[in-house]
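In: Starting from these lines, generate the structure:
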Amino acid sequence: MKFFLHPVAMSLAVIALAGCGNRNMPTAAQSPPPALASVVVHAQTAHDEQVWDGVVEAVNQATITAQTNARVLELPHDVNDVVAKGDVLVRFTDVEQKSARSAAQAQVASAAATYKEAAASYERIKAVYAKGFVSAAQLDQQRALRDAAQAALASARAQLNQVGQALDYTVLRAPYAGIITRRYVQVGEAVQAGPPSPQPLIAMQSLDDLRVNVRVPQSAVDPIRHFHAADVLLAGDGARRVAASSVGVFPYADPSTHTFNVRLQLPGGDTGLYPGMTVKVAFATGEAKRLLVPASALVQRGELLGVYVLDEHGAALRQLRIGHRYADRVEVLAGLDDGERVATDPAAAARWLIENRSTDGKRGAAP
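Out: Next comes the predicted model:
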């Protein structure tokens, strides 16, 4: 694990490393340092982690199929085009559908007229029956004619709705904002709604909602179920992380691989992740107290890493042995004690050291 900060003069590196051998030896003037940005380091609770490989996928992905028999008239978008919700993806010819709608509308009008006549006739017979001029059988017959006409009207209206839906299917729109990943048809091609299955037309997926699928061996799944916490590592050293908004473990294992599928829901926004990418996922598997320092406080001199420690004697560069990285903090295994203060701006601490050493040199040369 390497950390690169702004380079300083080589002379400063030699001076600073010379002071790494003894913690208690002051390397600057005996007066306290000026107000340098710093932080007191204390042991903090951090998760033990296990890292597994995962694959990013879109939560919303669909293959849009044909719902009516027609010929492709227009394909406004191609593969890799970004579309908004409601944009037209496929437009079909609609001559047959419009003709069917006209026929259905005429059928509705005819059924409505028949029902109106049957209802009026029933009302007349009903009034005459009340005066005793017609039999109950005649009234029942007229009521049956009215009910049959009413049912025919309802059937005609349902047919009109069905035909209208088929006409709507001649224009297919994007169900959500996303990107087109595949196009199965070309302009002029005839499509069928089935059987045996609808013909695929356009495949698309949304880039707004992403998740990560990870295959975890059964020996590691229990701690993951317990903590339900994971980070997606955006860099090889774990410097940049995206915390999963939720972690779900499937309740069954794959019988062929004996692994469990773990699904991580990623937060919205630009994470730099895209469907199909492979990523490293760090799962929390335990907790322990660790001495952590900000990664920005680290100074690299060749193969050595250290921090500027501030105390009553001034500032000194202290060599460290570091361990795991936790987001923007790094575990210190050796070289630093709990409660010590470190400079969070190494460049400012280096400048302070140079200035104070120059002042000491002038004082020593004076008579």
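In: how is this structure carved up into domains?
Out: 1-59+209-359, 66-93+170-206, 98-162 (automatic domain parsing).
In: Can you add mean pLDDT and give these back as JSON lines?
Out: Output for those, formatted as JSON lines (pLDDT from 0 to 100):
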{"stretch": "domain 1-59+209-359", "mean pLDDT": "77"}
{"stretch": "domain 66-93+170-206", "mean pLDDT": "92"}
{"stretch": "domain 98-162", "mean pLDDT": "90"}
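In: could I get those as CSV with mean neighbour count?
Out: Just so you know, the C-beta spots here come from the backbone N, C-alpha and C atoms, and that holds for glycine as well. Converted to CSV, the domains of the chain look like this (neighbours: other CB atoms under 10 Å):
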stretch, mean neighbour count
domain 1-59+209-359, 16
domain 66-93+170-206, 16
domain 98-162, 15
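In: Now residue 320: closest residue in space that isn't a chain neighbour?
Out: residue 335 (3.8 Å; CB to CB, 6 or more residues apart in numbering).
In: how close does the residue located most distally from the centre of the chain get to residue 127?
Out: Ranked by distance from the centre of the chain (CA atoms, centre = their mean), the top residue is residue 133, with 77.8 Å. Distance, residue 133 to residue 127, by CB to CB, to the nearest Å: 9 Å.
In: One more: residue 235?
Out: 88 Å.
In: and what of residue 168?
Out: To residue 127, residue 168 is 45 Å away according to CB to CB.
In: what helix or strand is residue 128 on?
Out: Using DSSP states H and E, the element containing residue 128 is helix 95-130.
In: helices or strands next to whichever helix or strand comes after that helix in the packing?
Out: Under the assignment DSSP H and E, the closest C-terminal helix or strand after helix 95-130 is helix 136-168. Packed against helix 136-168 by the contact rule (3 or more CB pairs under 8 Å, 6 or more residues apart in numbering; DSSP states H and E) you find helix 95-130.
In: Helix 136-168 and the helix it packs on, what's the angle between them?
Out: Relative orientation of helix 95-130 and helix 136-168, computed by axes from the mean of the first three to the mean of the last three CA atoms, to 10 degrees: 160 degrees.
In: From the chain's centre, how far out is helix 95-130? Work that out for me.
Out: When distances are taken as CA atoms, centre = their mean, to the nearest Å, helix 95-130 is centred 55 Å away from the chain's centroid.
In: what does stretch 84-95 give?
Out: 28 Å.
In: Any chance you could list what contacts that stretch?
Out: By CB atoms under 8 Å, 6 or more residues apart in numbering, the list of residues contacting stretch 84-95 from outside reads 64, 68, 70-77, 83, 167, 169-177, 180, 185, 191, 201-202, 204.
In: Residue 228 is in contact with residue 243, isn't it?
Out: No. If you go by CB atoms under 8 Å, residue 228 and residue 243 don't touch, sitting 11.7 Å apart.
In: Next, find the distance separating the residue nearest the centre of the chain from residue 269.
Out: For the chain, residue 210 is the residue whose C-alpha lies nearest the centre (CA atoms, centre = their mean; 2.8 Å). Here residue 210 is placed at a distance of 10 Å from residue 269 (CB to CB).
In: how about the helices of this protein, start to end?
Out: 10-18, 95-130, 136-168, 221-227, 346-365 (DSSP state H).
In: Let me have those in TSV, extended by distance to residue 56.
Out: Listed next are the helices of the chain as TSV, based on distance: least, CB to CB, whole Å:
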stretch	distance to residue 56
helix 10-18	41
helix 95-130	40
helix 136-168	34
helix 221-227	18
helix 346-365	35
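In: do you know which of those lies nearest residue 307?
Out: In terms of CB to CB, the element of the helices of the chain nearest to residue 307 is helix 346-365, at 7.5 Å.
In: list the contacts for residue 177?
Out: Going by CB under 8 Å, 6+ apart, residue 177 touches 82-85, 206, 208.
In: typed the wrong thing, it's residue 258
Out: Residue 258 neighbours (CB under 8 Å, 6+ apart): 217-218.
In: How much space separates residue 81 from residue 181?
Out: 10 Å.
In: For residue 252, which non-adjacent residue is spatially closest?
Out: That would be residue 260: by CB to CB, 6+ apart, it lies 7.8 Å from residue 252.
In: I'd assumed residue 221 was in contact with the one you found.
Out: Yes. With contacts counted by CB under 8 Å, residue 260 reaches residue 221, the gap being 4.6 Å.
In: Which neighbours do the two have in common?
Out: residue 249.
In: Endpoint to endpoint, stretch 164-173 covers what distance?
Out: 16 Å (CA to CA, to the nearest Å).
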